[in-house]
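model the structure of this input:
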Amino acid sequence: MGFYRDREPKHLQATGSTIRSVGKWASVVILSALVGSGATFAFSSFLNTQNSNNTGSFLPYGSTPNVAPVSENINVNVNSAITQVAKKMKPDVVAVVNYDSVQNPFSNQSTLQQSDIGSGVYFYQHQNTAYIVTNNHVVQGGAGVQIVLSNGKTVKAQVVGTDPYTDLAVLKVPSKVFAGVQPAQFVNSNHLQVGEPAVAIGTPGGLNFSETVTSGIISGLNRDMPVEEPNSQQILDYQPVIQTDAPINPGNSGGPLLNLQGQVMGINSSKIVAQGFQSMGFAIPSNEVQEIAFEIIRTGHAVHPALGITAMSLQSVPQPYWPNVPVDYGVYVQSVDTPYAQASGLKVGDVIVALNGHQITDAADLRTELFGMKPGDVVTLTVYDGSKKETLHVKLSELKSPNTTDIGGNNSQSNQNSNPFITPQVSGGNSSSLFN
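Reported below is the predicted structural model:
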């Protein structure tokens, strides 16, 4: 699960109305479900709050005498909607255990060692295969993955594919593992409403707290939050997510945020941890989850539009290499890699400051704008070639998401020069190495 703390970057400056207010949140990703374990018990009752229009669709989160008492007795109905959601959906929710390969210095043999625990939800069956969606950061870097079912049974899972740009991944197991269990259904996240009840199920704090159920409401919609590369904590792009006050903690990552019909509204992915803040968790909307998950099932990867360049945020360029441009924001072009990009007139050393009229502050801004397009679309770039301002037109190419696990990493093209834009910096790397 990604955790965000308040930190103002030294170079963050207001550069226009399009600057993202979320820029002040720098994330610290904590992957171990054994960190910060704890339990909170709460009863919440929701009366007359079900939205009858919220139908699911399945597609292939004092001393003043007048002051009311702080607490009062509440009659909890065991047949309440939340109880029914928990009963219905617990069989679909699994713990996802990620294993690292550890070298024995004495025998020179490798063994698997548990590293991280997250959650996942069974959402689709095809023939003899059952599919589970979770977060990319739950399985990234793993040499092996297992799921733990609601009955405690452990099953080896295979990673079908991952997408670091949306923080989603898909696993598969034999369908007999979920014999008698119906796959979870998704609600249309475009129909969600602020104030709607939300139920989270997952594995916070490790397997001792599996099947933990918490509840709250949808606190906000379309909150732009950063998606990070887990190791380097580099912001890859910004993602519109669901905000919820349903308590979610380390280990909830990849688990479902459900409505009172037991339909998946989103996949829990992150929360804010900062002094003075509480109950601010975030989930990836179900419509995006379905689109990416089924694309991974069909092809083994997600497909995103790409500009056809390798580049980095201008603010990340070392001073000795700083280009002679009249701005201190934008994206610095390191190489022009595809015929479409080359034909546009883009050159090494150019600085991109806008795409289709939208200001580009950094690399994450560029990805975010591009991900609203499709491969084959033609975009208009505003660039600086030194002090000269130019307008260029580029036809977008295709970016296939990498498999971020150790298992699939050897088959990934993500680290090759074909990466059409912004090669993420490896944790601990030297910025200048990106110019090589």
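
quick one: contacts of the helix or strand containing L381?
Under the criterion of DSSP states H and E, L381 resides in strand 378-385. When contacts are defined by CB atoms under 8 Å, 6 or more residues apart in numbering, strand 378-385 is touched by residues 307, 323, 325-327, 330, 333, 344, 346-347, 349-357, 370, 373, 389-396. (C-beta placed from N, C-alpha, C; glycine too.)

any idea which helix or strand comes after that strand?
With elements assigned by DSSP H and E, the helix or strand that comes after strand 378-385 is strand 388-395.

after that following strand comes which helix or strand?
strand 397-400.

packing partners for that next one?
Taking 3 or more CB pairs under 8 Å, 6 or more residues apart in numbering; DSSP states H and E as contact, the helices and strands that strand 397-400 lies on are strand 303-306.

where along the stretch 251-400 of the chain do the strands fall?
Counting by DSSP state E, counting those that start in this stretch, one finds strands in the stretch 251-400 of the chain at the ranges 256-258, 264-272, 281-285, 303-306, 309-313, 331-336, 351-355, 358-359, 378-385, 388-395, 397-400.

go through these and find the least confident stretch.
Taking the average pLDDT of each of the strands of the stretch 251-400 of the chain, the minimum falls on strand 397-400, with a mean of 88.

sheet partners, orientation included, of that one?
Strand partners for strand 397-400, identified by DSSP bridges, are recorded as strand 303-306 (antiparallel).

what residues sit buried inside the partner strand?
By 16 or more other CB atoms under 10 Å, the buried positions in strand 303-306 come out as V303, H304, P305, A306.

and the residue lying closest to P247 once chain neighbours are set aside, how far is that from M280?
Once its chain neighbours are removed from consideration, P247 has its nearest residue in T214; the separation is 4.3 Å (CB to CB, 6 or more residues apart in numbering). Relative to M280, T214 is positioned 14 Å away (criterion: CB to CB, to the nearest Å).

for P247, find the nearest of the strands of the stretch 251-400 of the chain.
Using CB to CB as the criterion, the shortest distance between P247 and the strands of the stretch 251-400 of the chain is 7.4 Å, found for strand 281-285.

residues in contact with the closest one?
With contact meaning CB under 8 Å, 6+ apart, strand 281-285 is reached by 61, 166-168, 189, 192, 200, 223, 225, 239-248, 252, 257, 265-272.

quick check: angle from that strand to strand 264-272?
Between the axis of strand 281-285 and that of strand 264-272 there is an angle of 140 degrees, by axes from the mean of the first three to the mean of the last three CA atoms, to 10 degrees.

export strand 281-285 as PDB, just CAs?
These are the backbone C-alpha positions of strand 281-285, laid out as PDB (Å, rounded to 0.1, in the frame of the first residue of the first chain):
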ATOM      1  CA  GLY A 281      -7.700   6.200   1.800                       C
ATOM      2  CA  PHE A 282      -7.800   5.700  -2.000                       C
ATOM      3  CA  ALA A 283      -9.000   3.100  -4.400                       C
ATOM      4  CA  ILE A 284      -8.600   2.600  -8.200                       C
ATOM      5  CA  PRO A 285     -12.000   3.000  -9.800                       C
END
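
what sits against the spatially most central residue of the chain?
Nearest to the geometric centre of the chain sits D167, at 3.0 Å (CA atoms, centre = their mean). For D167, the contacting residues are G2, N135, N136, H137, V227, Q239, S269, I284, taking CB under 8 Å, 6+ apart as the criterion.

from those residues, which two are the most distant?
In the contacts of D167, the most distant members under the criterion CB to CB are H137 and Q239, with 12.9 Å between them.

neighbour-wise, which of those two wins?
Looking at H137 and Q239 with other CB atoms under 10 Å, you find the greater number of neighbours at H137, namely 30 against 22.

so the residue lying closest to the more buried one once chain neighbours are set aside, which of the three states?
Counting by CB to CB, 6+ apart, H137 lies nearest to P230, which is 4.5 Å off, once chain neighbours are set aside. When the structure is reduced to helix, strand and coil (DSSP: H, G, I helix; E, B strand; the rest coil), P230 reads as coil.

count the neighbours of P230 for me.
Taking other CB under 10 Å as the definition, P230 ends up with a neighbour count of 22.

and it, how far is that from S313?
Counting by CB to CB, the gap from P230 to S313 is 19 Å.

residues in contact with V145?
Contact criterion CB under 8 Å, 6+ apart gives V96, V97, N98, Y99, V139, K156, A157, Q158, V159, L171, T405 as the residues in contact with V145.

try it again at 10 Å.
With contact set as CB atoms under 10 Å, 6 or more residues apart in numbering, V145 has these partners: 96-99, 116, 118, 120, 132, 134, 138-139, 155-159, 169, 171, 173, 405, 407.

distance of the closest residue to S101 other than its chain neighbours from S110?
Of all residues not flanking S101 in the chain, A143 sits nearest, at 3.7 Å (CB to CB, 6+ apart). Taken as CB to CB, the spacing of A143 relative to S110 amounts to 8 Å.

looking at these two, which is more packed in?
When neighbours are counted by other CB under 10 Å, A143 comes out ahead of the other of A143 and S110, with 18 against 12.

take the contacts of V145 and keep only those in helices.
When the contacts of V145 are checked against helices using DSSP state H, the ones located there are V138, V139.

just the buried subset of the contacts of V145, written out for PyMOL, thanks.
Command for PyMOL that selects the buried part of the contacts of V145, burial taken from 16+ other CB under 10 Å:
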select buried, resi 96+97+98+99+116+118+120+132+134+138+139+155+157+159+169+171+173+405+407
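
filter the contacts of strand 378-385 down to the buried ones.
307, 323, 325, 330, 333, 344, 346, 350-355, 370, 373, 392, 394-396.

so where does Q125 fall, helix or strand?
strand 110-126.

circling back to that earlier point, I'd like the contacts of D167 as TSV, with distance to D377 appended.
Written out in TSV, the entries for the contacts of D167 read as follows (distance: CB to CB, whole Å):
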residue	distance to D377
G2	30
N135	28
N136	25
H137	29
V227	21
Q239	20
S269	27
I284	23
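
in those residues, which has the lowest confidence score?
The member of these with the lowest model confidence is G2, at 57 (criterion: pLDDT).

grab the nearest non-local neighbour of P226.
With CB to CB, 6+ apart as the measure, I235 is the residue that lies nearest to P226, at 4.4 Å, once sequence neighbours are left out.

end-to-end on stretch 321-339?
According to CA to CA, to the nearest Å, stretch 321-339 extends 26 Å from its N-terminal end residue to its C-terminal end residue.
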